[in-house]
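In: Okay, here's the prediction I keep looking at, along with the sequence it came from:
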Amino acid sequence: MNDRDSMKPGDLLLPVKSFCRLSGQIIAPLSFEIHAFSVKFAYSLTRSAYMEQNINFEDIFESKLAKNDFIEPKDWMPDNYRKHLIRQISQHAHSEIVGMLPEGNWITRAPSLRSKIVLLAKVQDEGGHGLYLYTAAETLGVSRDELLDALHTGKAKYSSIFNYPTLTWADVGAIGWLVDGAAIMNQVMLQRSSYGPYSRAMVRICKEESFHQRQGYEIMTHLAFGTPEQKQMAQDALNRWWYPTMMMFGPPDKDSPNSENAIKWRIKRETNDQLRQRFVNQTVPQAEYLGLTVPDEKLTWNEAKQGYDFSEPDWVEFKNVINGNGPCNKQRLKARNDAHKNGAWVREAAAAYAKKKGESTAVAA
Ligand code: BYC
């Protein structure tokens, strides 16, 4: 088992057991457990060892990428790579916790005890995903407070999809089926992302997202094979969620400023358009099984490309939503700010407990 295998996503403690090798010779042995905030210390030790040997950091970084090795928190990385990751991982983390809100809205109104328990578990999972991802972002030298502050003040983006309302129970089904389905499509590729902590967080998240997708499809199945009114409810949810889900993959490749670096640095392995196409190819047969109609008159199978031709979402609407003017942006930000404010006592209690525990450990030692 190597060091990477021994680390679990969400770990605050990063076991570092690294030997920096030059031509097979160990030049900087490091073997200790460090807290995420000490990453910079380990990095500077490694860096000075390399400098003595006149090593080009960029070459080492590039050769790791070329070999499909992970870049780890203690490794040298270009500033723009670090910035790119902080941007993407924190947006992803924000999406997970804001994503709890539209479905959380239905916990008290779930139509049965079983569906309530399942929905509770799912929403709780999303909170956990946020935690793994904030922790992964912290390994890049940014604090949780800075990240949350950017979300709460509206500076940071989160997925456009969570700015749409959940009007009926069928919307909870559509979110699981379509939104989690799209999320998995994107996140399976991110399991192979070049940044170790992000990639490892994705492995666990993907397992849970698969369950979420099935939960949503189960709800849609009950409705689609239920009464005509239930089927209509399912169709209405599909009509409203189809295009917003297509927007989740981001703008078309030609208008995606971050894709070039993301692909070059192996943060993303596939482009926005490639993933969107795969999502359509996978989802259309699922809609057909349910007897529901995808709201796209142009949707046709293209034998030559072995995929569907489909209509693009409304990119003007997308821009409005990501710029804060979607149907629920203000409501979502207010809910997050209120939750943070109301949770202050929990953070204070946790900090007081950690301090007390630290003091009693010091006395015992
Ligand atoms: N919404 O150059 P581009 C979940 C922004 S949570 C908002 O293509 P990139 C779930 C983009 O940030 C799933 N903004 O960017 C949770 C950029 O703006 P900045 C969330 C978007 O990064 C709870 C600009 O547009 N998944 O599944 O190469 C319950 C230009 O875009 C969106 C992730 O976060 C959008 N949809 O590609 C249920 C996955 N799209 O930052 C379910 C990780 C684009 O330059 N993220 N923008 O100001 C990614 O894979 C990529 O960041 C994206 C965008 C594909 C989203």
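Out: Arrived safely, thanks for sending.
In: contacts, neighbours, all on C-alpha from now
Out: OK.
In: residues in contact with Leu65?
Out: 71, 194, 265-266 (C-alpha atoms under 8 Å, 6 or more residues apart in numbering).
In: Correction: the previous question concerned Tyr158.
Out: Contacts of Tyr158 (C-alpha under 8 Å, 6+ apart): 91-92, 94-95, 98, 322.
In: Any chance you could list what contacts the host helix or strand of Glu96?
Out: In the assignment (DSSP states H and E), Glu96 maps to helix 79-98. If you take C-alpha under 8 Å, 6+ apart as the criterion, helix 79-98 is touched by 126-127, 129-131, 133-134, 136-137, 140, 142, 147, 151, 156-159, 162, 198, 262, 265, 267, 332, 336.
In: Wondering if stretch 225-243 reaches the ligand at all.
Out: No. With C-alpha under 6 Å from any ligand atom as the criterion, the ligand is not reached by stretch 225-243; the gap is at least 11.1 Å.
In: what's the neighbour count on the residue lying closest to Ile107 once chain neighbours are set aside?
Out: Nearest non-adjacent residue to Ile107, counting by C-alpha to C-alpha, 6 or more residues apart in numbering: Lys116, 5.8 Å away. Counted by other C-alpha atoms under 10 Å, the residues lying close to Lys116 total 16.
In: repeat for Lys355
Out: 12.
In: per-residue pLDDT, the closest residue to Phe310 other than its chain neighbours?
Out: Distances taken as C-alpha to C-alpha, 6+ apart put Leu299 closest to Phe310, at 4.6 Å, once the chain neighbours are dropped. Looking at Leu299, its pLDDT is 98.
In: could you measure Leu299 against Ile161, distance?
Out: Going from Leu299 to Ile161 by C-alpha to C-alpha, to the nearest Å gives 22 Å.
In: out of the two, which sits in the more crowded spot?
Out: More crowded of Leu299 and Ile161, by other C-alpha under 10 Å: Ile161, with 25 against 14.
In: Could you verify that that one is part of a strand?
Out: No. Counting by DSSP: H, G, I helix; E, B strand; the rest coil, Ile161 falls outside a strand, being helix.
In: okay, now the closest residue to it other than its chain neighbours: neighbour count?
Out: Leaving out its chain neighbours, the residue that sits closest to Ile161 by C-alpha to C-alpha, 6+ apart is Pro244, at 5.8 Å. Residues near Pro244, counting by other C-alpha under 10 Å, number 22.
In: residue contacts, Pro244?
Out: Pro244 touches 160-161, 313, 318, counting by C-alpha under 8 Å, 6+ apart.
In: Quick one: residues contacting the residue nearest to Phe310.
Out: 308-311.
In: Same question for Asp145.
Out: Here Asp145 is in contact with no residue (C-alpha under 8 Å, 6+ apart).
In: Make sure it is indeed in a helix.
Out: Yes. Assessed with three-state DSSP, Asp145 lies in a helix.
In: which residue ranges form the helices in the stretch 201-350 of the chain?
Out: Secondary structure of the stretch 201-350 of the chain by DSSP state H, counting those that start in this stretch: the helices cover 228-247, 259-264, 272-290, 315-320, 329-342, 344-364.
In: Per-residue pLDDT of Glu146, please?
Out: 97.
In: how close does Thr283 get to Tyr289?
Out: In terms of C-alpha to C-alpha, Thr283 sits 10 Å off from Tyr289.
In: of the two, who's got more company?
Out: Thr283 (16 against 11).
In: Let me have the helices of the stretch 201-350 of the chain in a markdown table, adding mean pLDDT as columns.
Out: Shown next, in a markdown table, are the helices of the stretch 201-350 of the chain (pLDDT from 0 to 100):
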| stretch | mean pLDDT |
| --- | --- |
| helix 228-247 | 98 |
| helix 259-264 | 96 |
| helix 272-290 | 98 |
| helix 315-320 | 98 |
| helix 329-342 | 97 |
| helix 344-364 | 91 |
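In: Quick check: which of those is nearest to Thr166?
Out: helix 228-247 (8.9 Å; C-alpha to C-alpha).
In: From one end of stretch 90-107 to the other, what's the distance?
Out: OK, stretch 90-107 end separation, C-alpha to C-alpha: 26 Å.
In: Which residue, other than its chain neighbours, is closest to Ala182?
Out: Counting by C-alpha to C-alpha, 6+ apart, the residue nearest Ala182 is Phe279, at 6.4 Å.
In: any idea of the pLDDT on the residue nearest to Ile107?
Out: 97.
In: Also Val16?
Out: pLDDT, read off for Val16, is 32.
In: and what of Ile322?
Out: In this model, Ile322 carries a pLDDT of 97.
In: mind listing what the residue lying closest to it once chain neighbours are set aside touches?
Out: Once flanking residues are discounted, Ile322 sits nearest to Ser160: 5.7 Å by C-alpha to C-alpha, 6+ apart. By C-alpha under 8 Å, 6+ apart, the contact set of Ser160 is 244, 247-248, 318, 321-322.
In: Sweet, I'm off.
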